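Asker: Give me a model of this one.
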Amino acid sequence: DYVGTVEPVRDESMAPSLRAECSEYVWVDKFWCNRRWVAAAPGGQLDRSLRGQIVYAKSPLVADEYVMKRVVGLPGDWVSVPRPGSSSSTELEDGDWETKSKRVHVGQGQLWVESDNRDHAASSDAEFVSGLIPFGLVQGQVTRVIWPPGRMDRVRDKVDLMRSFPMGPEPDSSA
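Answerer: Alright, predicted model coming up:
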């Protein structure tokens, strides 16, 4: 349990990267978590390669439930998030970001995580789709699909450079 665990993919929120409909199981590297957070200790520098990786974390909404989500923003980042009622982030065009999105600041000790499948409707109000989570909820990194045999592969990083603005003051929206 300290090195890693095998976990089932429970929903389609991370499709197409992870698929519940294929009865997929993934390897969660828990030792990874210890290596990455040590660098984030006071006086240390957070490993910036965390952006784009899928983490396995305790749900911030439901006790004893776990989620798999992609890291979009790191401490100090500004993340563009679609406003409620606007199109999903995959459908927003370049000119739409200023009017149909808002920027969220990621505070120290937090990550902004999201589902890959933004069109996946939450099955209940208690399902966590995206948002800020504290480091303490992260249990490990999803590194490999290990079942079924036809889907065995490493889990790929995916970074959307149009959405996350690394460390610094809030991006100027008046320019």
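Asker: quick one, strands of this protein?
Answerer: Assigned strands in the chain, in chain order: 4-8, 25-29, 54-58, 66-73, 78-82, 101-105, 110-114, 130-134, 138-147, 153-154, 164-165 (criterion: DSSP state E).
Asker: got any ranges where the protein has weak pLDDT?
Answerer: Counting by pLDDT under 70, the chain contains low-confidence residues at 1, 32-47, 83-100, 120-126, 161-175.
Asker: Name all residues that make contact with Gly109.
Answerer: With contact taken as CB atoms under 8 Å, 6 or more residues apart in numbering, Gly109 is in contact with 75, 134-136. Quick note: C-beta positions are derived from backbone N, CA and C, even for glycine.
Asker: want to throw those residues into JSON lines with neighbour count?
Answerer: Shown next, in JSON lines, are the contacts of Gly109 (neighbours: other CB atoms under 10 Å):
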{"residue": "Pro75", "neighbour count": "17"}
{"residue": "Pro134", "neighbour count": "13"}
{"residue": "Phe135", "neighbour count": "17"}
{"residue": "Gly136", "neighbour count": "11"}
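Asker: Which of those residues sits closest to Arg144?
Answerer: Closest to Arg144 out of these is Phe135 (22.8 Å), distances taken as CB to CB.
Asker: now that closest one: how far from Trp112?
Answerer: Remark: distance between Phe135 and Trp112 (CB to CB, to the nearest Å) = 12 Å.
Asker: okay, now Val106: neighbour count?
Answerer: Val106 is surrounded by 20 other residues when neighbours are defined as other CB atoms under 10 Å.
Asker: Surely it and Pro75 touch.
Answerer: Yes: A contact is recorded between Val106 and Pro75 when judged using CB atoms under 8 Å, the distance being 5.6 Å.
Asker: List the residues that contact the residue lying closest to Lys69 once chain neighbours are set aside.
Answerer: The shortest distance from Lys69 to any residue other than its chain neighbours is 3.7 Å, reached at Val113 (CB to CB, 6 or more residues apart in numbering). Contacts here follow CB under 8 Å, 6+ apart; on that basis Val113 touches 55, 57, 69-72, 130-131, 133.
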